[in-house]
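Enquirer: Task: produce atomic coordinates for the following.
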Amino acid sequence: MASRLVILQQISSRFAWLRLLTFLGGVVLSAGVLFLTNLWLFWSVLASSILVFGAVVYRHRQIEQTIERFSAWQAIKQAQIARAQLNWAQMPPALPVELDPDHPFAADLDLAGAYSLHRVMDSAVSVAGSQRLYAWLTTPVPDLAKIRQRQPLVQELIALPLLRDKLSLNARISIPHATRWDPQPLLTWLGAGDAPHALRPWLIGFSILALANWLLFGLHQLGWIPALWQITFLIYIGLQFVTARMTAETFHAATELQAAVEPLVAIFRQLETFSYRTSPHLQTLCTPLLDPIHRPSRYLRRIQWVVAATGIQGNPFISIVLNALLPWNFFFAYLLQKYKAEAAQYAPTWLDVWFELEALSSLANLAYLNPTYTFPTINASPAHEDKITASSSNPDSKPIFHVEALGHPLLPDTDKVCNNFTTQRLGEVAIITGSNMAGKSTFLRALGMNLALAYAGGVVNAQLLRTDLFRLFTCIKISDSVTQGVSYFYAEVQRLKILLDELEGDHPLPLFFCIDEIFRGTNNRERLLGSRAYIRALVEKHGVGLISTHDLELVHLADELPAITNYHFRDDIIDGAMTFDYTLYHGPCPTTNALKVMRNAGLPVQIDEEPA
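Expert: Numbering: from 1, shown residues only. Okay, here's the model as predicted:
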């Protein structure tokens with residue numbers, strides 16, 4: 001592809017020289033013939049030179065368009081490779097998102113930002129398509145109907161990589177590199193209250209005056225009447241001068257939006273002509289685009305044609321001549337407002353289909369680049385009144401959450417260790433202990449991130465995932481605020497209070513919560529006392545959760561509360577180096593490594609200071 005692009009650029013450079021030579025040659029040859037005073041030969045040579053020059057320009061533009069498409073195609077493929085390899089430096093820039101610190105989980109799970117799941121997935125060219133994908137990933141309350149509606153659409157799109165790439169290519173054309181298509185200016189323009197009937201009287205009046213000019217001029221040339229055409233012509237020109245602002249504003253806005261309309265025509269034409277024989281769900285989604293009478297490309301091409309016709313305003317001489325002969329500007333301004341009013345009825349629906357398709361294509365692209373990912377099985381949660389008794393009364397009932405070979409989507413396959421985890425019933429809490437850097441936080445984020453993917457309607461990084469519907473809530477990345485006078489510990493306490501309120505609230509969906517290093521912002525004694533009391537308050541509530549901690553004393557809660565289960569991650573020192581297998585094991589952690597880490601880093605920790 002790169003070599004082909006180089007060849008095309010070389011051809012384009014030759015055509016640029018050919019254009020110059022053709023122009024200069026035509027001028028010199030025409031001037032030479034004119035010098036010979038042969039007017040017929042002069043006009044013949046001039047016309048031939050213009051035709052040859054036009055053909056060269058046309059061919060050069062074709063080559064430039066081909067280069068533009070090849071460059072965009074190359075950028076798309078390079079972005080795909082970067083996503084597959086998690087090469088952050090080569091990925092398209094992330095969508096700017098202002099994280100809401102009060103969101104139940106968005107700020108904790110690396111869902112947005114420079115090194116985020118959204119950036120890896122996001123293949124949308126439009127701002128709205130990218131924002132829709134992020135909204136799906138961060139939906140606080142999942143909707144089972146929407147999930148089941150999206151999954152088959154994503155499955156169909158996985159098998160259509162060429163369609164997805166061509167949509168991206170058509171959308172990328174005419175849009176500057178590293179930018180996104182923003183629909184708002186176009187929607188604002190379409191929604192502006194410019195009614196075509198406001199220009200109709202002026203158009204009729206100018207048409208009558210133009211016709212009178214021609215008629216009176218012809219009669220004057222025949223010698224039948226005096227030069228009355230001069231009077232009507234002056235009236236005609238004077239009125240055009242007075243009303244010029246009415247059309248100028250219309251054309252100015254349309255010309256600025258021409259680049260925004262161009263990719264839409266290509267996108268909608270592609271979707272209108274696509275064969276949906278093997279993609280029934282996709283066809284249903286695209287139904288608003290397939291109406292033979294109200295096809296979007298038909299309306300948008302009309303607008304393109306009118307804007308192109310008004311491009312003569314860029315040449316003042318031609319513009320003056322045409323408007324002197326005909327009400328050119330008013331005619332096309334009237335058509336533009338007429339076509340705009342017609343398109344405005346349907347444009348929001350058309351664009352909504354495209355934005356939906358872009359978000360779905362991003363989900364499909366993640367699955368396409370990761371063929372080992374699977375679609376989760378999502379069940380409806382039990383009724384609210386049966387939130388605990390439904391599963392506890394039947395020990396053989398299916399677990400409400402079960403995952404096999406769960407991995408973290410933002411870790412390379414070479415560094416990724418996958419784990420299994422099961423929660424049998426509501427009210428259960430898993431306490432995860434383990435050494436520093438052993439994998440506790442990564443595991444919690446992997447759980448939350450994959451649940452976000454599942455509830456968005458996409459695939460998950462697991463061999464199998466079966467889950468009920470949960471509201472997700474995390475307490476992982478707590479930060480203090482100097483400006484608001486909030487300490488780290490107080491911010492954590494506030495976050496955990498919100499979690500408890502959500503857990504005890506009357507909501508039809510249970511909570512799935514993850515807490516990393518509970519009460520890390522206070523001293524050992526108070527942390528232990530507070531953690532015990534808080535965990536007791538979480539057990540047997542309308543939800544399930546995992547809590548990571550360094551406090552090995554908390555594992556004893558499992559002896560008094562059957563709903564608590566202990567898990568741990570291990571570490572070892574081999575040849576003086578810390579090693580981790582990042583595997584989740586049942587039971588409390590048998591070792592700690594804080595002193596080992598400090599000693600290996602060169603801090604003055606004596607061996608005899610280590611606890612027995």
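
Enquirer: Now do the strands in the stretch 501-612 of the chain.
Expert: 511-516, 543-549, 564-574, 577-586 (DSSP state E, counting those that start in this stretch).

Enquirer: will you turn those into CSV that also has distance to Ala537 and mean pLDDT?
Expert: C-beta here means a position set from N, CA and C on the backbone, and glycine is covered the same way. Formatted as CSV, those follow (distance: least, CB to CB, whole Å; pLDDT from 0 to 100):
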stretch, distance to Ala537, mean pLDDT
strand 511-516, 12, 95
strand 543-549, 12, 94
strand 564-574, 12, 87
strand 577-586, 24, 87
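
Enquirer: and of those strands, who's closest to Val555?
Expert: Val555 lies closest, by CB to CB, to one member of the strands of the stretch 501-612 of the chain: strand 564-574, at 4.9 Å.

Enquirer: Okay, now the sheet partners of that closest one, with direction.
Expert: Using DSSP bridges, strand 564-574 pairs in its sheet with strand 429-434 (parallel), strand 577-586 (antiparallel).

Enquirer: hey, C-alpha coordinates of the shortest one in PDB?
Expert: In PDB, the C-alpha atoms belonging to strand 429-434 read as follows (Å, rounded to 0.1, in the frame of the first residue of the first chain):
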ATOM      1  CA  VAL A 429     -18.700 -10.900  49.400                       C
ATOM      2  CA  ALA A 430     -15.200 -12.100  48.300                       C
ATOM      3  CA  ILE A 431     -12.200 -10.800  50.200                       C
ATOM      4  CA  ILE A 432      -9.000 -10.900  48.100                       C
ATOM      5  CA  THR A 433      -5.700 -10.700  49.900                       C
ATOM      6  CA  GLY A 434      -2.200 -10.800  48.500                       C
END
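
Enquirer: Show me which residues of that strand are buried.
Expert: Buried residues in strand 429-434, defined by neighbour count with 16 or more other CB atoms under 10 Å: Val429, Ala430, Ile431, Ile432, Thr433, Gly434.

Enquirer: Show me what the mean pLDDT comes to for it.
Expert: Averaging pLDDT along strand 429-434 yields 94.

Enquirer: can you list contacts of that strand?
Expert: With CB atoms under 8 Å, 6 or more residues apart in numbering as the test, strand 429-434 has contacts from 421, 423, 440, 443-444, 535, 538-539, 544-552, 554-555, 557-558, 563-571, 584, 588-589.

Enquirer: neighbours of Arg298, just the number please.
Expert: 18 (other CB atoms under 10 Å).

Enquirer: Name the residues that touch the helix or strand harbouring it?
Expert: Assigned by DSSP states H and E, Arg298 falls within helix 296-309. Contacting residues not belonging to helix 296-309 are listed as 251, 254-255, 258, 261-262, 264-265, 268-269, 272, 289, 332, 335-336, 339-340, 342-343, 346-347, 350 [CB under 8 Å, 6+ apart].

Enquirer: what does stretch 337-354 give?
Expert: 126, 128-129, 183, 186-187, 189-191, 194-196, 198-199, 250, 264, 267-268, 271, 285-286, 288-289, 294, 296, 299-300, 302-303, 306.

Enquirer: how about stretch 140-152 as PDB, C-alpha atoms only?
Expert: Below are the C-alpha coordinates for stretch 140-152, written out as PDB (Å, rounded to 0.1, in the frame of the first residue of the first chain):
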ATOM      1  CA  PRO A 140     -25.200   3.100  35.200                       C
ATOM      2  CA  VAL A 141     -28.300   0.800  34.900                       C
ATOM      3  CA  PRO A 142     -28.000  -1.800  32.100                       C
ATOM      4  CA  ASP A 143     -31.000  -2.500  29.900                       C
ATOM      5  CA  LEU A 144     -31.400  -6.200  29.000                       C
ATOM      6  CA  ALA A 145     -33.600  -5.400  26.000                       C
ATOM      7  CA  LYS A 146     -31.000  -3.100  24.500                       C
ATOM      8  CA  ILE A 147     -28.200  -5.600  25.200                       C
ATOM      9  CA  ARG A 148     -30.100  -8.300  23.400                       C
ATOM     10  CA  GLN A 149     -30.800  -6.000  20.600                       C
ATOM     11  CA  ARG A 150     -27.200  -5.000  20.100                       C
ATOM     12  CA  GLN A 151     -25.600  -8.400  20.300                       C
ATOM     13  CA  PRO A 152     -26.900  -9.800  17.000                       C
END
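
Enquirer: Buried residues in it, which are they?
Expert: Neighbour-count burial for stretch 140-152, counted by 16+ other CB under 10 Å, picks out Pro142, Ile147, Arg150, Gln151, Pro152.

Enquirer: quick one: which of the residues you listed is nearest to Trp224?
Expert: Using CB to CB, the buried residues of stretch 140-152 come closest to Trp224 at Arg150, 75.6 Å.

Enquirer: Give me the phi and psi angles of the closest residue to that closest one other than its chain neighbours.
Expert: Distances taken as CB to CB, 6 or more residues apart in numbering place Gly457 nearest to Arg150, at 2.9 Å, with adjacent residues excluded. Phi and psi for Gly457, reported as degrees, to the nearest 10, are phi 100, psi 10.

Enquirer: Would you confirm that Gly457 contacts Ser362?
Expert: No. Using CB atoms under 8 Å, Gly457 makes no contact with Ser362, being 10.8 Å away.

Enquirer: neighbour-wise, which of these two wins?
Expert: Taking neighbours as other CB under 10 Å, Gly457 and Ser362 compare with Ser362 leading, 27 against 24.

Enquirer: doesn't Met121 make contact with that one?
Expert: Yes. Under the criterion of CB under 8 Å, Ser362 makes contact with Met121 at 4.8 Å.

Enquirer: Which residues are in contact with each of these two?
Expert: Taking CB under 8 Å, 6+ apart as the criterion, Ser362 and Met121 both touch Leu133.

Enquirer: still on that earlier bit, and which of the buried residues of stretch 140-152 is nearest Phe519?
Expert: Pro142 (29.2 Å).

Enquirer: residues in contact with that closest one?
Expert: Per CB under 8 Å, 6+ apart, neighbours of Pro142: Tyr455, Leu469, Phe470, Arg471, Leu509.

Enquirer: Keep only those of these that are in helices.
Expert: Tyr455 (DSSP state H).

Enquirer: Buried subset of the contacts of stretch 337-354 as a PyMOL selection?
Expert: Command for PyMOL that selects the buried part of those, burial taken from 16+ other CB under 10 Å:
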select buried, resi 126+128+129+183+186+189+190+194+196+199+250+264+267+268+271+285+286+289+294+296+299+300+302+303+306
